[in-house]
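A.B. asks: Sharing a sequence plus its predicted fold:
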Amino acid sequence: MVKLCAPDAVVLIDGSEEQKHRLQQEAIATGELIELNQQRLPGCFLHRTAQDDVARTEHLTFICSKRKKDAGPTNNWMSPALAYRNAKRYFKDSMQGRTMYVIPFSMGPVGSAFSKIGVELTDSIYVVLNMMIMTRVGEEVLKHLGVDGEFTKCLHSKAELDIRKRLILHFPQDNAIWSVNSGYGGNVLLGKKCLSLRIASFVAHKEHWLAEHMLIMGIEEPNGRIQYIAGAFPSACGKTNLAMLVPPEGLKRKGYRIWTVGDDIAWMRVDSDGSLWAINPETGFFGVAPGTNSKSNLNMAETIKKDTIYTNVLLKPDGTVWWEGADGPMPEEGIDWRGNSWRPGRKDDHGAIIKGAHPNSRFTTPISNCPSASFRLEQHHGVPISAIIFGTRRCHLAPLVYESFNWQHGVFVGATMASELTAAQVGKLGQVRRDPMAMLPFCGYNMADYFRHWLMMGKKMSNPPKIFHVNWFKTDAHGRFIWPGFGENLRVLEWVLDRCNNKVSAQQVPIGYIPHLSDLDMTGIRLEEGAMKKLFEIHKEAWLEEFKGIRLFFHMFKKNLPEELWQEFELLKQRFHAYTNTH
Ligand code: OXD
Ligand code: MN
């Protein structure tokens, strides 16, 4: 790789504080990082990306399996030979005048049976410093790897940061990832989406475990019992907030405590007790800044006060940072994410208000700083999962919560997940996008095989987690959210755990089990008249309409779709056939 990229120097990242400090100073000197006010935000820095390099570029992301059908109909595919050839052109001499950093990293506690090792080569100090927050990095990893250990070979170069030459390539058969011409986290912190989801899902299929786009949280009752939930939600649907939820006033008397294990990725294995156990392979959060404040997420607001790298937020004159929806008043001036001088209310040439922070501006921050961080983060065997929840964003269709009938039906629920696009995404507002298990952009192999793998995993467990579906986003006739969300979501999780613990019965409807309303603790919360009824309405016509989308989606996989999913679809249709709108 040195021969290909031709760096001036090669530096091995040892994971030491001294080296980190040196790199921070170097990045400040080159302008890659801006040092923030160290009294107010100790250990914090700001970074700005190129203006066309602010989010994951799914259309430039490829699964380069030998056969196209192994990537499946939902992934972009390129043959390995062509992908290597194309990318080599961009990597050629790309590090001239730069240093190549060699980052040995472990996803998961070093030495755990869950964990996987990667080595990322990069010409970006920003990447090095972010990887030091997000993963376990350095000599300890190399020692564990030994001279002949298996590792994912990750190559990254900023090259020219040219979007026309950007490629994010995954070679599952070679256990390799090549990323070029980007500096955006999701494209370049190769331990995250690229290794821990796309490559890991491929490996997990072979090795009989699950690599999922899921948060992991523990809910502790006053008697000290902690139960863990894993939850898959599409990007930007509140996974991070849920993972570190603060119990609402009305439930305070019950003395719950929430433990955050992870906010984005879960690796799960069947243990000898027949249950599913999970680790979060990461050690940091790469969270969305806008909307984060001490009301929406108190634990995160505390976490990001130190040791944090901010990307594309507004810089205030006092050397602190701000974003739309941050705590405190809107600043009177600042430098926006593009590096331009900014004042509130200023408009661009099209008459749109210029934002201080990019809507996808981020912070990279260590989990260990989080007040709700689980004490089991370093435990090699992970935590046992009692329930899996699949969450979507639907204005009308899905009720606040329902439980699947069994594992196979739960897999169908996950496989048919879909969300309505929001203003933050490209596409028609309200348009539905299928996002099975929230893995559409992250599954490293054919999704039909992935569904089959999920079905098979259910058969391996004598005590599988129960599978639920939630939707925090139902709206009323005026387009307002009916459910307040945030901490109040604990009321729903409480019911989920009551079901896992066989404490309450439920009502059967065609899509699954929904709560008896009296089983949801609504102490201290007042919703509008009829709100609860609306939250649990099952609209036959709307579901019949939904079936068209499901059928189209399933047909994409042709004969490869597991028969069990067609069966579940049939059963669902039959249950609706016998159903009249009673709710
Ligand atoms: C993320 C994402 O950044 O899902 O976590 O896009
Ligand atoms: Mn994510």
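C.D. replies: Nice, I can see it. Ligands and ions are numbered 1, 2, ... in the order given.

A.B. asks: So for stretch 396-414, could I get the coordinates as PDB, restricted to C-alpha?
C.D. replies: Presented in PDB, the C-alpha positions along stretch 396-414 are these (Å, rounded to 0.1, in the frame of the first residue of the first chain):
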ATOM      1  CA  HIS A 396     -50.600   6.700  10.200                       C
ATOM      2  CA  LEU A 397     -50.000   3.100   9.600                       C
ATOM      3  CA  ALA A 398     -48.200   1.400  12.500                       C
ATOM      4  CA  PRO A 399     -49.500   1.500  16.100                       C
ATOM      5  CA  LEU A 400     -47.300   2.800  18.900                       C
ATOM      6  CA  VAL A 401     -46.200  -0.700  19.800                       C
ATOM      7  CA  TYR A 402     -47.000  -4.300  18.900                       C
ATOM      8  CA  GLU A 403     -45.500  -7.600  19.600                       C
ATOM      9  CA  SER A 404     -44.900 -10.300  17.000                       C
ATOM     10  CA  PHE A 405     -46.400 -13.700  17.400                       C
ATOM     11  CA  ASN A 406     -43.100 -15.600  17.400                       C
ATOM     12  CA  TRP A 407     -39.600 -15.400  16.000                       C
ATOM     13  CA  GLN A 408     -40.500 -16.100  12.400                       C
ATOM     14  CA  HIS A 409     -43.300 -13.600  12.400                       C
ATOM     15  CA  GLY A 410     -40.900 -11.100  14.100                       C
ATOM     16  CA  VAL A 411     -38.400 -11.600  11.200                       C
ATOM     17  CA  PHE A 412     -41.300 -10.800   8.800                       C
ATOM     18  CA  VAL A 413     -42.000  -7.600  10.800                       C
ATOM     19  CA  GLY A 414     -38.300  -6.600  10.600                       C
END
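
A.B. asks: Next to ligand 1, which bits of the stretch 201-350 of the chain? Give me the list.
C.D. replies: Residues of the stretch 201-350 of the chain found near ligand 1 (C-beta under 6 Å from any ligand atom) are 235, 264, 286. C-betas here are computed from N, CA, C, even on glycine.

A.B. asks: any idea which of the residues you listed has the most stuff around it?
C.D. replies: Neighbour count (other C-beta atoms under 10 Å) singles out residue 264 as the most crowded of those, with 26 neighbours.

A.B. asks: Please report how far residue 251 lies from residue 15.
C.D. replies: Plainly put, residue 251 is 41 Å away from residue 15 if you go by C-beta to C-beta, to the nearest Å.

A.B. asks: Could you list which of the residues of the stretch 201-350 of the chain next to ligand 1 also contact ligand 2?
C.D. replies: Restricting these to those near ligand 2 by C-beta under 5 Å from the ion leaves 235, 264.

A.B. asks: And for the nearest residue to residue 536 once chain neighbours are set aside, the neighbour number?
C.D. replies: Nearest-residue entry for residue 536: residue 399, 4.7 Å, with adjacent residues in sequence omitted and distances by C-beta to C-beta, 6 or more residues apart in numbering. By other C-beta under 10 Å, 22 other residues sit near residue 399.

A.B. asks: Tell me the pLDDT of residue 399.
C.D. replies: pLDDT, residue 399: 98.

A.B. asks: how far away is it from residue 435?
C.D. replies: Residue 399 sits at a distance of 19 Å from residue 435 (criterion: C-beta to C-beta).

A.B. asks: Then residue 34?
C.D. replies: Per C-beta to C-beta, residue 34 is found 35 Å from residue 435.

A.B. asks: More neighbours: the two, which one.
C.D. replies: residue 435 (25 against 18).

A.B. asks: Test my guess that residue 307 contacts residue 42.
C.D. replies: Yes. Residue 307 is within contact range of residue 42, at 7.5 Å (criterion: C-beta atoms under 8 Å).

A.B. asks: ok, these two, which is more surrounded?
C.D. replies: A count of neighbours by other C-beta under 10 Å puts residue 307 above the other of residue 307 and residue 42, at 18 against 12.

A.B. asks: which SSE is the nearest residue to that one once chain neighbours are set aside in?
C.D. replies: Nearest residue to residue 307, sequence neighbours excluded (C-beta to C-beta, 6+ apart): residue 43, at 4.1 Å. Secondary structure assignment for residue 43, by DSSP states H and E: no helix or strand.

A.B. asks: Which pLDDT value does the model give residue 43?
C.D. replies: For residue 43, the predicted pLDDT is 98.

A.B. asks: residues in contact with it?
C.D. replies: Neighbour list for residue 43: 306-308 [criterion: C-beta atoms under 8 Å, 6 or more residues apart in numbering].

A.B. asks: Equivalent analysis for residue 259, please.
C.D. replies: In this structure, residue 259 makes contact with 217-220, 226, 372-376, judged by C-beta under 8 Å, 6+ apart.

A.B. asks: and which of the residues you listed is nearest to ligand 2?
C.D. replies: residue 217 (15.2 Å; C-beta to the ion).

A.B. asks: so that closest one sits in a helix?
C.D. replies: No. According to DSSP: H, G, I helix; E, B strand; the rest coil, residue 217 belongs to no helix; its state is strand.

A.B. asks: Excluding chain neighbours, what is closest to it?
C.D. replies: residue 243 (5.0 Å).

A.B. asks: among the contacts of residue 259, which ones are buried?
C.D. replies: The neighbour-count test (16 or more other C-beta atoms under 10 Å) applied to the contacts of residue 259 identifies 217-219, 226, 372-374, 376 as buried.

A.B. asks: can you list these in TSV and add pLDDT?
C.D. replies: TSV is the format used below for the buried ones among the contacts of residue 259 (pLDDT from 0 to 100):
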residue	pLDDT
217	98
218	98
219	98
226	98
372	98
373	98
374	98
376	96
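
A.B. asks: Need the max-distance pair from those residues.
C.D. replies: In the buried ones among the contacts of residue 259, two members sit farther apart than any others by C-beta to C-beta. They are 219 and 373, at 14.8 Å.

A.B. asks: Residue 527 reaches residue 482, doesn't it?
C.D. replies: Yes. Using C-beta under 8 Å, residue 527 is in contact with residue 482, at 7.1 Å.
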